[in-house]
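>>> This is the structure alone, sequence omitted:
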């Protein structure tokens with residue numbers, strides 16, 4: 001019997017750039033160092049033939065009014081990629097003394113100018129880390145406090161979604177936890193406690209999440225004031241766990257004369273298919289049925305695939321990316337059970353197959369087919385709000401790449417629909433196609449705050465670069 005433990009990973013420091021129109025151009029990739037962990041500088045020695053990018057001109061950040069009124073000071077470390085033209089891309093916060101300063105730091109660095117890095121005298125896209133300092137005098141703080149409204153309610157400036165409990169068995173368990181807490185005069189969260197819950201297994205994760213929130217405190221007669229609040233945290237079983245639950249049922253079922261088939265997640269959860277339909281195959285309406293036999297390697301830690309009908313390479317890579325993601329999230333920390341051989345059969349059909357697309361994706365695809373490169377989506381400057389990730393997971397390093405490949409990257413483009421869901425991810429460039437498919441598999445499950453244009457929900461096109469390290 002298979003025993004699965006959930007292994008959620010949070011992808012930190014995500015930055016997305018919105019593309020106004022037109023597909024990004026393919027270009028030669030240079031394998032740059034992976035994004036460092038928050039708070040640490042893991043950039044290796046790049047050698048004598050490589051010159052790191054540097055800052056040419058800085059722009060002083062605009063102090064957030066609420067942060068200035070609260071006297072919040074500190075440093076924000078920003079990671080970014082400097083391209084061959086000296087332009088900043090993929091800005092992200094690596095470490096911060098206060099979340100209230102993060103956006104101002106990113107906005108400031110976006111206005112800086114840079115000297116590009118060089119590899120053997122040739123300008124290349126390379127990673128750079130820099131610091132943005134925030135400081136103010138007491139008089140500046142008093143002036144900022146005087147400009148705040150005389151009365152306002154607490155407002156969150158940093159939200160952290162709760163994680164699905166690690167040790168919960170793979171059952172269809174969902175619920176809600178009501179948490180009561182105090183927002184202090186400085187915007188911190190204190191004295192959090194559960195006042196109502198549907199399942200106690202969710203309680204600790206709800207408390208862990210609210211402890212990481214930050215607020216602009218309530219203001220009464222021009223002064224900050226502590227306030228007691230209540231917030232509900234909703235837990236829904238992640239779609240990849242629903243896939244694993246079905247996989248477990250398939251493997252544990254008694255042996256029967258007919259081959260057992262792997263049913264797609266689309267039929268278990270309406271959120272999204274387990275396998276991401278390759279974008280070019282969608283545009284050209286390529287369909288087909290893929291069959292294979294799945295089994296575990298001798299260690300029980302990797303899913304082995306034996307293809308039976310010579311499927312198109314794009315379908316193979318898409319399925320392998322899904323299997324790597326499933327194996328990563330299902331992997332036990334000790335004595336993993338071996339996967340008994342069983343049959344997999346998936347029909348790639350955009351509208352009613354095991355691997356298909358949502359109605360929202362179909363509507364976008366229709367526009368692209370009709371309008372082509374003339375299809376226009378709103379640019380970030382036109383939007384009422386910025387693109388903000390509320391749920392993300394790390395991509396999984398492709399298990400079938402040769403052992404000598406230890407790192408890589410992929411740039412993917414995708415659409416964020418009116419509800420904040422990712423639709424139609426596609427590989428733009430990658431150091432190996434497997435990285436591109438793994439990146440699309442991960443990004444397909446991301447969620448964003450819905451974007452508004454003139455007060456109405458809208459669709460945007462976005463790009464993201466993901467880094468891999470074995």
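Done, it's in. Keep in mind that this is a model prediction, so the values were computed, not measured.
>>> from here on, contacts and neighbour counts on C-alpha atoms
Will do.
>>> Any regions of this protein where pLDDT drops low?
Counting by pLDDT under 70, the low-confidence segments of the chain come to 1-49, 166-172, 237-273, 297-302, 328-342, 372-374, 379-380.
>>> Tell me how it divides into domains.
By the record's domain assignment, the chain is partitioned as 37-148, 149-235, 247-348 (automatic domain parsing).
>>> can you pull the buried residues of stretch 128-139?
Neighbour-count burial for stretch 128-139 flags 128-129, 131-132, 134 (criterion: 16 or more other Cα atoms under 10 Å).
>>> which of those residues lies closest to residue 142?
Using Cα to Cα, residue 134 comes nearest to residue 142 of the buried residues of stretch 128-139, at 16.1 Å.
>>> Report the contact partners of the closest one.
Residue 134 sits next to 61, 63, 73-75, 101 when contact means Cα atoms under 8 Å, 6 or more residues apart in numbering.
>>> can you check residue 188 too?
Contact analysis of residue 188 by Cα under 8 Å, 6+ apart lists 213-215.
>>> Could you check how far it is from residue 98?
11 Å (Cα to Cα, to the nearest Å).
>>> I'd like the domains of the chain laid out as a markdown table, including distance to residue 466.
What follows is the domains of the chain, written out as a markdown table (distance: least, Cα to Cα, whole Å):
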| stretch | distance to residue 466 |
| --- | --- |
| domain 37-148 | 10 |
| domain 149-235 | 21 |
| domain 247-348 | 14 |
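>>> Let me know which of these is the nearest to residue 468.
Checking the domains of the chain against residue 468 by Cα to Cα gives domain 37-148 as the closest, at 12.3 Å.
>>> ok, and the most crowded of the contacts of residue 134?
Neighbour count (other Cα atoms under 10 Å) singles out residue 101 as the most crowded of the contacts of residue 134, with 26 neighbours.
>>> from the contacts of residue 134, which is closest to residue 414?
Nearest to residue 414, judged by Cα to Cα, of those is residue 101 at 28.3 Å.
>>> what kind of secondary structure is that closest one in?
Counting by DSSP: H, G, I helix; E, B strand; the rest coil, the backbone at residue 101 sits in helix.
>>> residues touching it, list them.
By Cα under 8 Å, 6+ apart, the contact set of residue 101 is 63-64, 67, 76, 134.
>>> now residue 191
180-182.
>>> Just put the residues you listed in JSON lines and tack on distance to residue 201, neighbour count and secondary structure.
JSON lines is the format used below for those (distance: Cα to Cα, whole Å; neighbours: other Cα atoms under 10 Å; DSSP: H, G, I helix; E, B strand; the rest coil):
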{"residue": "180", "distance to residue 201": "17", "neighbour count": "19", "secondary structure": "strand"}
{"residue": "181", "distance to residue 201": "19", "neighbour count": "20", "secondary structure": "strand"}
{"residue": "182", "distance to residue 201": "23", "neighbour count": "18", "secondary structure": "strand"}
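>>> Just put these in a markdown table and tack on distance to residue 159.
Output for these, formatted as a markdown table (distance: Cα to Cα, whole Å):
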| residue | distance to residue 159 |
| --- | --- |
| 180 | 15 |
| 181 | 14 |
| 182 | 15 |
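>>> Other residues contacting stretch 206-217?
With contact meaning Cα under 8 Å, 6+ apart, stretch 206-217 is reached by 66, 99, 153-163, 177, 179, 183-190, 192-194, 224-227, 233.
>>> So which bits of that stretch are buried?
In stretch 206-217, residues buried by neighbour count (16+ other Cα under 10 Å) are 206-207, 210-211, 213-217.
>>> same check, this time on stretch 349-361
Neighbour counts over stretch 349-361 (16+ other Cα under 10 Å) mark 349-350, 353-358, 360-361 as buried.
>>> Can you pick out the most distant pair from these?
In the buried residues of stretch 349-361, two members sit farther apart than any others by Cα to Cα. They are 354 and 360, at 17.3 Å.
>>> ok, back up a step: nearest to residue 400 among the contacts of residue 101?
residue 76 (38.0 Å).
>>> What is the burial count for the closest one?
Neighbours of residue 76 using other Cα under 10 Å come to 24.
>>> And the helices in the stretch 251-400 of the chain?
Ranges of helices in the stretch 251-400 of the chain, per DSSP state H, counting those that start in this stretch, are 279-283, 313-330, 359-371.
>>> and the last one, which residues are buried?
Read that as helix 359-371. In helix 359-371, counting by 16+ other Cα under 10 Å, buried: 360-362, 364-365.
>>> which one of those residues sits closest to residue 305?
Minimum distance to residue 305 across these is 29.0 Å, recorded for residue 361 (Cα to Cα).
>>> Can you add distance to residue 306 and give the buried residues of stretch 128-139 back as CSV?
Below are those laid out as CSV (distance: Cα to Cα, whole Å):
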residue, distance to residue 306
128, 42
129, 44
131, 50
132, 52
134, 57
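>>> Can you name the residues bridging to residue 457?
For residue 457, the beta-bridge partners are residue 452 (DSSP bridges).
>>> Name the residue closest to the centre of the protein, please.
The geometric centre of the chain, computed from its C-alpha atoms, lies nearest to residue 392 (Cα atoms, centre = their mean), at 3.0 Å.
>>> gap between residue 321 and residue 439?
Taken as Cα to Cα, the span from residue 321 to residue 439 is 9 Å.
>>> can you pull out the strands in the stretch 351-470 of the chain?
Here the stretch 351-470 of the chain has its strands, by DSSP state E, counting those that start in this stretch, at 389-391, 407-416, 422-430, 447-448, 452-453, 456-457, 460-469.
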